[in-house]
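In: Sharing a model that was predicted from the sequence below.
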Amino acid sequence: MTKQNISWSRVGLPRRAFLKGATALGAMAATGLALPRPAFAAGGTLKTRTYADIRSMDPAFSQGVVDEEIHAAIYNKLIQYKPGREWGWQLDAADMVEQVDATHINFALKDNIGFTNGFGAMTAEDVKFSFERIIDDALESTNKPDWGPLDHVEVTGERTGTIVLKNAFQPLWSITLPYIAGNIVSKAAFEQAGGKIDTQPVATSGPYLHTSWEPKQKTTLTRNPDWKGEAPVYDEIQIYHIDDEKAAEIAFEAGEIDFTRVSLDSVERLKSSPIDGATLDEYPSLYYVWVGMNLDNPKMANLKLRQAIQYAIDVPSIMAGAYFGAAEPSTGIIAPGLPGHREASLTGTAADLEKAQALMAESGETNVSLTISVLNKSANVTAAQIIQANLAAIGITLDISLHEGATFWELGNDENVELVLNRYSMTPDPYYATSWFITEQAGIWNWERFKNEEFDELHLAAQSEGDQAKRAAMYARAQDLMEESGAYKFITHESTPVIYRNTVVPALRPDGLPLYRYFGAV
Amino acid sequence: MLTYILRRLGLAAVITVLAVTLLFLIIHMIPGDPISTMLGPKASPEMRAALEARMGLDKPLIAQIGLFFANMLRGDLGMDVFSNRPVTTIVLGQIPYTLTLILVSILWSAVLGIALGCYSAVNRNSLGDRLTGVLSVSVIAVPAFVVSLYSLLLFAVKLQWFPAIGAGEPGDWGDQLHHLVLPSLAIGLSWVGYIARLVRASMLEVMGEGHVRTARAFGLPERRITFGYALRLAILPTVTVIGVGMGFLLSAAVFTEIVFSRPGLGKLVIDSITTRNYPVVMGSVLFSTLIFVASTTLADIINAILDPRIRAGK
């Protein structure tokens, strides 16, 4: 990077009142918007850790949280996630965002945001370019689905415009605008760079500058001297790439990093023998873990057999044995705090052996021998062993088939799969969860090959439903349908334990992922 | 000598081609779909097909091997599909870390191991020799990962003398050396014992040979006999072992790089294999093979320089 200073002309834009969006998250934002930030000691370096190396500094090709942790600090979006224990968003580059109707969202940009390297002020043209390039088939962006039914962005003024959707899309407020696909890049800089970039940003606009990247080692962000918004607390943030959680814990104990996620099996140790000057916090995760049964496999065709398995699995034992008591049983694929979360599952969490045995007898199946496919992580292996013992109690012999990452993740294509202990990542909108279980996804990400017309209709309708109560009820019903099929036993959403020095005031999303630009210091 | 070196270099080229072909086949035979791993869940079938074509995975395996070697000769190892950076740049960026780690490890362990071996041979059956023997066998028996973890807990966490992660600030040699201490200790410790035992055995053998007895009979000083005549020949097996040992050192470096979160070729290979990032795997494997072949060839050439019988093919 040759030049970091920015220059832009101020354009008079009347400040307009913030109007909340149509979603519940928008409502949350309205209450959280005016929250003052506590006063922090400014300066110094924050040393933190990420579990994988960066892949791209181009939001169109961001591969998820690892890239986004950096993007959120160096780029701006119209809105950003609000740190805290409840999901919500706050204005970022936007001075105003208004949902005019189901398919039109007006926005006005702040007049003091500029791009580095002399690429000028952020304009509505940059917003249009940033969003439309992701849905452009020619770019082949892997993040195109995040923009759902985006039609185009209409530029109505230098800093004003309208996002036009083909149909209503509620996840826009929870996973599009405040996340990966919502990052705004400089049109001029990207066009000069040939349309897309790799690991070196060409122009940024956030409170931090991307100063250096040492592959497989660390990324360094430094304070953007030209940032006109609220100043970030740290002068520098060093993000170390430490893939192994145990290595990260050692690095934390050695005083080399100030913040890291820790492994679930370390929580008990860190609670009983706390590290001096450090705080351990547990955040609920959005991930969902479940046992899936392949409906297309003749061995799993018997509904009563599948139901017997559902009732035989003892989730509390799995929580104790595989998750060391650091996670809670789940009731579905939608975590607490999100619309559609169910207070209880249909089949319960504790095993009901009597019912399971009765269902087994009804099934007429004898000498049942099945195989469960598992990714070779210690928690999964332990969970599979507990399930093995649970099923033995109703006369089912369960073999455990271990797979390393790449072979495991192509099991979706394998129609011979019987049972799978699976775990998917999640964003803070239920739409993201149900999208993998529609009929179209059978044999791709719908490994159970669950095909249900009502489910598909609910998935489609719920993404546009503006009434939050109705929307939540639709997702709850969708999960009921999954469970009624007998193909799913929901296990847990896991949790995200993090540890940090008492000198650090972390700013985290409700699922424990860091928002570095808001980190504070004591 | 020149003929000998050319012969060794020719053999090295053949070994490289065979090794890379074999590794290419092994990597492509491992089950696992690189496209799914690389593109993630949101990719459309069209994007999957396009990437498959771009990576050449839609071609027969034999054509893929041919293409790899043809591109390799042009210095083009392809592009990393994730970051869109040239594989050569990625691999060359990691090699210095691994080479430095290996060379520093082998250097300190060779210096200490040779010194201990000489001492033991010269003071055969003394208390010091026995102690050295016990210590050598003890450290040989301790795997590198055990040394890594214990040294981390003791010197990084408890005493906080040395850093636990990373390779130090680029351009700051002092910081980089500081970061090398624990990883090189982990890799080199067992080699100290191994080299010490090897040098002791070789020295004892050589010191019993006629030319050493003759030198003694001529009244040459013991120091000159030991270091000028005996060690020069006794060192030959050690040089060979160190050359061949580069392969083992590379494997030890993989684990050490992960434990100490150091950048390097080992960590790159592991990450790339996990994600089936074929271009980066092949680039890393090619350079690892070159390092191994170069070190064994160099060991052979050094042996030939030290021992005229080898040059003469006797």
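Out: Right, received. Where do you want to start?
In: Helices of chain B, start to end?
Out: Taking DSSP state H to define them, one finds helices in chain B at B:2-29, B:34-39, B:45-54, B:61-73, B:87-122, B:127-141, B:144-151, B:173-207, B:210-217, B:222-224, B:231-259, B:265-274, B:278-306, B:308-311.
In: most packed of the ones you listed?
Out: helix B:265-274 (a mean of 23; mean count of other C-beta atoms under 10 Å in any protein chain shown). To be clear about C-beta, it is placed using only N, CA and C from the backbone, and glycine gets the same treatment.
In: Run the contact check for it versus chain A.
Out: Yes: if you take C-beta under 8 Å from any C-beta of the partner chain as the test, helix B:265-274 does meet chain A, through B:267-268, B:271, B:274.
In: Doesn't A:Ser130 belong to a helix?
Out: Yes: per DSSP: H, G, I helix; E, B strand; the rest coil, A:Ser130 lies within a helix segment.
In: residue contacts, A:Thr371?
Out: Residues near A:Thr371 by C-beta atoms under 8 Å, 6 or more residues apart in numbering or on different chains: A:398-401, A:418-419.
In: Between those, which sits nearest chain B?
Out: Each of the contacts of A:Thr371 was scored against chain B by C-beta to the nearest C-beta, and A:Ser401 proved nearest at 12.4 Å.
In: Could you give the secondary structure assignment for that closest one?
Out: Using three-state DSSP, the structure places A:Ser401 in strand.
In: Could you verify my assumption that it touches A:Leu370?
Out: No: assessed by C-beta atoms under 8 Å, A:Ser401 is found out of contact with A:Leu370, at 10.4 Å.
In: how about stretch A:393-412: buried residues?
Out: A:394-396, A:398, A:400, A:403, A:405-412 (16 or more other C-beta atoms under 10 Å in any protein chain shown).
In: Repeat that for stretch A:365-380.
Out: Neighbour counts over stretch A:365-380 (16+ other C-beta under 10 Å) mark A:365, A:368, A:370-375, A:377, A:379-380 as buried.
In: What is the linear distance spanned by it between its boundary residues?
Out: Distance between the two ends of stretch A:365-380: 27 Å, counting by C-alpha to C-alpha, to the nearest Å.
In: got the residues of the stretch 101-250 of chain B near chain A?
Out: So far as C-beta under 8 Å from any C-beta goes, the stretch 101-250 of chain B lies against chain A at B:152-153, B:156-157, B:160, B:163-167, B:170.
In: hmm, 10 Å instead?
Out: B:148-149, B:152-153, B:155-160, B:162-170 (C-beta under 10 Å from any C-beta of the partner chain).
In: Mind checking which of those residues are buried?
Out: With neighbours counted using 16+ other C-beta under 10 Å, those contain these buried positions: B:148, B:152, B:155-157, B:162-168.
In: Render the CA-only coordinates of stretch B:204-221 in PDB, please.
Out: Output of stretch B:204-221 as PDB, limited to C-alpha atoms (Å, rounded to 0.1, in the frame of the first residue of the first chain):
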ATOM      1  CA  LEU B 204      36.200 -45.200  18.000                       C
ATOM      2  CA  GLU B 205      36.300 -47.100  14.700                       C
ATOM      3  CA  VAL B 206      38.600 -44.600  13.000                       C
ATOM      4  CA  MET B 207      40.900 -44.200  16.000                       C
ATOM      5  CA  GLY B 208      41.600 -47.800  15.800                       C
ATOM      6  CA  GLU B 209      42.700 -47.700  12.200                       C
ATOM      7  CA  GLY B 210      46.200 -47.900  11.000                       C
ATOM      8  CA  HIS B 211      46.800 -44.300   9.800                       C
ATOM      9  CA  VAL B 212      45.800 -43.000  13.200                       C
ATOM     10  CA  ARG B 213      48.200 -45.400  14.900                       C
ATOM     11  CA  THR B 214      50.800 -44.300  12.500                       C
ATOM     12  CA  ALA B 215      50.200 -40.700  13.300                       C
ATOM     13  CA  ARG B 216      50.500 -41.400  17.000                       C
ATOM     14  CA  ALA B 217      53.700 -43.300  16.300                       C
ATOM     15  CA  PHE B 218      55.100 -40.200  14.500                       C
ATOM     16  CA  GLY B 219      54.400 -38.300  17.700                       C
ATOM     17  CA  LEU B 220      51.800 -35.900  16.400                       C
ATOM     18  CA  PRO B 221      49.800 -34.100  19.100                       C
END
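In: Now do that stretch, average pLDDT.
Out: Averaging pLDDT along stretch B:204-221 yields 87.
In: What of stretch B:35-42?
Out: Stretch B:35-42 shows a mean pLDDT of 67.
In: How about stretch B:292-302?
Out: Stretch B:292-302 comes out at a mean pLDDT of 84.
In: Not counting its own residues, what contacts it?
Out: Contacts to stretch B:292-302, defined as C-beta atoms under 10 Å, 6 or more residues apart in numbering or on different chains, come from residues B:1, B:4-5, B:7-9, B:11-16, B:19, B:102-103, B:106, B:235-236, B:238-250, B:310-311.
In: one more time with 8 Å
Out: Applying C-beta under 8 Å, 6+ apart, the set of residues contacting stretch B:292-302 is B:4-5, B:8-9, B:11-12, B:15-16, B:19, B:239-240, B:242-244, B:246-247, B:250, B:310.
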